[in-house]
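In: Fold the following, please.
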Amino acid sequence: MTSGNKKLTIERMDTLPETRPAGRSKTRAAAITLAIAAALVALGIFILSQKPAAPDAKFITLDGEAIHTKDLRGKVVLVNFWATSCTVCMHEMPKLIETHNKFAPRGYQTIAVAMSYDPPNYVLDYTKRQALPFRVALDQLGELARQFGDVRVTPTSFLIDKQGRIVRQLQGEPDFAQLDKLIDELLREPT
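Out: This next block holds a predicted model:
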């Protein structure tokens, strides 16, 4: 009798209807998938919103002054890679001067980095003729260009916030109205 009851019990369990509705397990799986997707999107937004730190670079100016990026903390800085042979660079230079003069009294700095292929005497001559009001550095070995992500296109600029993070990378001549607005916002942020 015992063996018959076991068989009957097994048969009865095989014939019992499923206790969970089929739709409920699909709904739960969809909810889990949706939650995972939302978490991945949030993580992606977080990662994209993180500003990379400016490289620990050392600029040597035409005057022989050594400037490290860490020395610029507390200031908003535009590092501009340019060349005297670059027509776009020559076109944007007066606007860079204007932007520098507008914001320098509030703690803004511009460092113009001449590319390694630019003859130093051309850079020096241009700097003097145009009376550039900001620091000009030579990148004779291309080391600075490599540190800033292997810059090859001129002009390429990096806007760095007071905490030493790259806020924006700009290739080509920027929209100076937008750039000035962003610089103004960054200068208003606490150190």
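In: With adjacent residues omitted, what lies nearest to residue 102?
Out: Nearest non-adjacent residue to residue 102, counting by CB to CB, 6 or more residues apart in numbering: residue 180, 6.9 Å away. All C-beta spots, glycine's among them, are computed from the backbone N, C-alpha and C.
In: Dihedrals phi and psi, that neighbour?
Out: phi -60, psi -40 (degrees, to the nearest 10).
In: From residue 34, how far out is residue 27?
Out: According to CB to CB, to the nearest Å, residue 27 and residue 34 sit 10 Å apart.
In: re the thing from before, could you report the pLDDT at the residue nearest to residue 102?
Out: Here the pLDDT value assigned to residue 180 is 98.
In: Specify the local secondary structure of residue 185.
Out: Three-state call for residue 185 (DSSP: H, G, I helix; E, B strand; the rest coil): helix.
In: just the one 5 residues further on next, same as before
Out: Judged by three-state DSSP, the three-state class of residue 190 is coil.
In: Just list the residues touching it, thanks.
Out: residue 162 (CB atoms under 8 Å, 6 or more residues apart in numbering).
In: Residue 96 reaches residue 108, doesn't it?
Out: No - taking contacts as CB atoms under 8 Å, residue 96 lies outside contact range of residue 108: 11.4 Å.
In: what's the overlap in contacts for those two?
Out: residue 78.
In: Same drill for those two, tell me which one is more crowded.
Out: Using other CB atoms under 10 Å as the criterion, residue 96 and residue 108 rank with residue 96 on top: 24 against 20.
In: Assumed the more buried one was part of a helix.
Out: Yes - looking at residue 96 with three-state DSSP, it is inside a helix.
In: Look up the pLDDT of it for me, please.
Out: pLDDT, residue 96: 98.
In: oh, and call the first residue 370 from now on, that's how I've got it
Out: From this message on, residue numbering opens at 370, which makes the last subject residue 465.
In: Could I get the full set of helices for the protein?
Out: 371-384, 391-418, 456-472, 489-499, 512-516, 545-557 (DSSP state H).
In: Look at the nearest residue to residue 431 once chain neighbours are set aside and say how many residues are nearby.
Out: On the basis of CB to CB, 6+ apart, the spatially nearest residue to residue 431 that is not a chain neighbour turns out to be residue 505, at 5.1 Å. Other residues near residue 505 come to 21 when the count uses other CB under 10 Å.
In: Kindly provide the distance from residue 505 to residue 440.
Out: Taking CB to CB, one finds residue 505 at 17 Å from residue 440.
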